[in-house]
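Visitor: pasting the sequence and the predicted model now:
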Amino acid sequence: MHSKQSCKIVPDATLHWKIWDDQCLVFNSASGQTHLLDPIPALLVRQIDEGCGDSEELFLRTVKLLDLDLTSHVRTTLQQILQQLDALGLIEASRS
Amino acid sequence: MKLSQINLSTFLRDLRGHGVWLRTGPFQTHLKSPINSLGRAIHLLYGDFVVEENPEFADFHIQLREPKNWRRFYRPQVYFYFDDQAPFKPMPRSHAFAMFEWCLNWCIESQANHYLMMHAAVIERGGLAAILAAPPGSGKSTLTAGLVNRGWRLLSDELALVDPGNGMAVPLARPVSLKNQSIEVIRKFVPNAVIGPIARDTIKGSVAHLKPPQDSVDRNREGALPRWVIFPRFEAGAQISFTPYPKSTALLRLADHAFNYSQYGVKGFEIMAKLIDRCDAYEFIYSRLDDAIQVFDSLLICDARTMVSS
């Protein structure tokens, strides 16, 4: 059984995006900070921003978009990315 | 009236008395000082600038004057006053002109938040501007001094001002600050260069200022659309290199050079993103000014070719 997480964009934040080639910039209105995100973290944040808050659903949608299998390695990588996004103050991830 | 049309003794008297109103780009500065060496340097380096008689408004009211104590006679010092307040410690009187320049930069950086401001030089040719952003000591001013004496127009040496309304770079041509070896490099590169007094042993070493080209001063109301963002670096003996730079990283790097990017919030991000969108970004390493100028001139040729082929 995998531990599920609930993810949301940090309260009171609006995210503003600018995408050039495979690099994504996101401006967080709550912190006033601009972040440079690689494609996969950007994909996760965008889906969370669009309301996909359940980590299982998020991971399944992400691997489908990337045409990958949700192996344990991929799952661990995606979980680590969520932790990093949480540490950056872009999302809040909590056990559900 | 241009400052050079006023004779030196009248100018020094006015500077000592009711002060002078100096127009630099969009800013009007009311300056008073009894320090003749400062007045002479201003008269020399700001000769092509417009001075007005008692205009209704000045953006900055500044004074540079000596303390009224024994320090006037022993290692004389100079204080900078902004609206009659002295925000900084005094400097040696021999640094008065450098202090004037640094403090005028400070006035603009701290007051002119109606522009997005970056620590960067801006030059223009053919109506297109290149923003040169680099930390102090990177050879940015030397490169700027070289370029503006080989056909490029100076918009600014220290402060890039971007109008948030239309994204144009706003001219603020003023004397170009040269440090240490750059002073001699530019003397050799521009034999007829007018360079002001050298302030020695400043926090930045020896500092002197190059008089801006007259054409740049005369066109000090003519903005230009940014077309290139360049991160220059001087490296002695290095092969010249001009490498395309990713736009996303360019935005972050340029934001690092901005004084008020965070104050603008999301609008700052949008202005910066629009600016970067229409610019090509490059990292530029050079060791010889002649080579650097060839590279910059080729930018225009490439741009013209792109315009013709598209």
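Guide: All right, it came through fine. As the structure is a computational prediction, the values presented were derived from the model and not from experiment.
Visitor: only C-alpha atoms for contact and neighbour calcs from this point on.
Guide: Will do.
Visitor: show me how far the helix or strand where B:Arg187 lies is from its chain's centre.
Guide: Using DSSP states H and E, B:Arg187 sits in helix B:181-189. Centroid separation for helix B:181-189 versus its chain: 18 Å, with CA atoms, centre = their mean, to the nearest Å.
Visitor: what does whatever helix or strand comes next after it rub up against?
Guide: Scanning forward in sequence from helix B:181-189 by DSSP H and E, the next helix or strand is strand B:199-202. Residues from elsewhere that reach strand B:199-202 (CA atoms under 8 Å, 6 or more residues apart in numbering or on different chains): B:94-95, B:98, B:206-208.
Visitor: mind putting these into CSV with pLDDT and secondary structure?
Guide: Shown next, in CSV, are these (pLDDT from 0 to 100; DSSP: H, G, I helix; E, B strand; the rest coil):
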residue, pLDDT, secondary structure
B:Ser94, 94, helix
B:His95, 96, helix
B:Ala98, 96, helix
B:Ser206, 96, strand
B:Val207, 96, strand
B:Ala208, 98, strand
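Visitor: out of the residues you listed, which are buried?
Guide: B:94-95, B:98, B:206-208 (16 or more other CA atoms under 10 Å in any protein chain shown).
Visitor: closest to chain A out of the residues you listed?
Guide: B:Ala98 (34.6 Å; CA to the nearest CA).
Visitor: that closest one and B:Ser206 touch, don't they?
Guide: No - applying CA atoms under 8 Å as the test, B:Ala98 and B:Ser206 come out as separate, 10.0 Å apart.
Visitor: helices and strands around the helix or strand of chain B with the lowest mean pLDDT, which ones?
Guide: Least confident helix or strand of chain B, by mean pLDDT, DSSP states H and E, is helix B:289-309 with a mean of 82. Helices and strands touching helix B:289-309, by 3 or more CA pairs under 8 Å, 6 or more residues apart in numbering or on different chains; DSSP states H and E, are helix B:140-148.
Visitor: quick one, the helix it packs on and helix B:181-189 angle?
Guide: Angle of helix B:140-148 versus helix B:181-189, following axes from the mean of the first three to the mean of the last three CA atoms, to 10 degrees, is 10 degrees.
Visitor: please enumerate the helices of chain B.
Guide: B:8-16, B:36-45, B:96-111, B:140-148, B:181-189, B:214-218, B:247-256, B:266-277, B:289-309 (DSSP state H).
Visitor: now tabulate these in CSV and tack on distance to B:Ala129.
Guide: CSV is the format used below for the helices of chain B (distance: least, CA to CA, whole Å):
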stretch, distance to B:Ala129
helix B:8-16, 34
helix B:36-45, 24
helix B:96-111, 21
helix B:140-148, 12
helix B:181-189, 22
helix B:214-218, 13
helix B:247-256, 15
helix B:266-277, 11
helix B:289-309, 10
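Visitor: tell me the most buried of those helices?
Guide: helix B:140-148 (a mean of 24; mean count of other CA atoms under 10 Å in any protein chain shown).
Visitor: for it, which outside residues touch it?
Guide: Contacts of helix B:140-148 (CA under 8 Å, 6+ apart): B:121, B:123, B:132-134, B:154, B:157-158, B:176-178, B:182, B:186, B:189-190, B:210, B:213, B:232-234, B:289, B:292-293.
Visitor: and stretch A:68-78, by the same measure?
Guide: By CA under 8 Å, 6+ apart, stretch A:68-78 touches A:59-60, A:63.
Visitor: tell me the buried residues within these.
Guide: A:59, A:63.
Visitor: closest one of the contacts of stretch A:68-78 to chain B?
Guide: Using CA to the nearest CA, A:Val63 comes nearest to chain B of the contacts of stretch A:68-78, at 25.3 Å.
Visitor: give me the beta-bridge partners of the nearest residue to B:Ala292 once chain neighbours are set aside?
Guide: Excluding its sequence neighbours, the residue lying closest to B:Ala292 (CA to CA, 6 or more residues apart in numbering or on different chains) is B:Tyr286, at 6.2 Å. When assigned by DSSP bridges, B:Tyr286 has beta-bridge partners B:Phe234.
Visitor: okay, B:Tyr286: pLDDT?
Guide: Per-residue pLDDT puts B:Tyr286 at 97.
Visitor: returning to that earlier point: A:Gly53: which of the helices of chain B is closest?
Guide: helix B:266-277 (24.7 Å; CA to CA).
Visitor: what comes up buried for the least confident helix or strand in chain A by mean pLDDT?
Guide: Scoring the helices and strands of chain A by mean pLDDT, DSSP H and E places strand A:91-95 at the bottom, with a mean of 89. Neighbour-count burial for strand A:91-95 flags A:91-93 (criterion: 16+ other CA under 10 Å).
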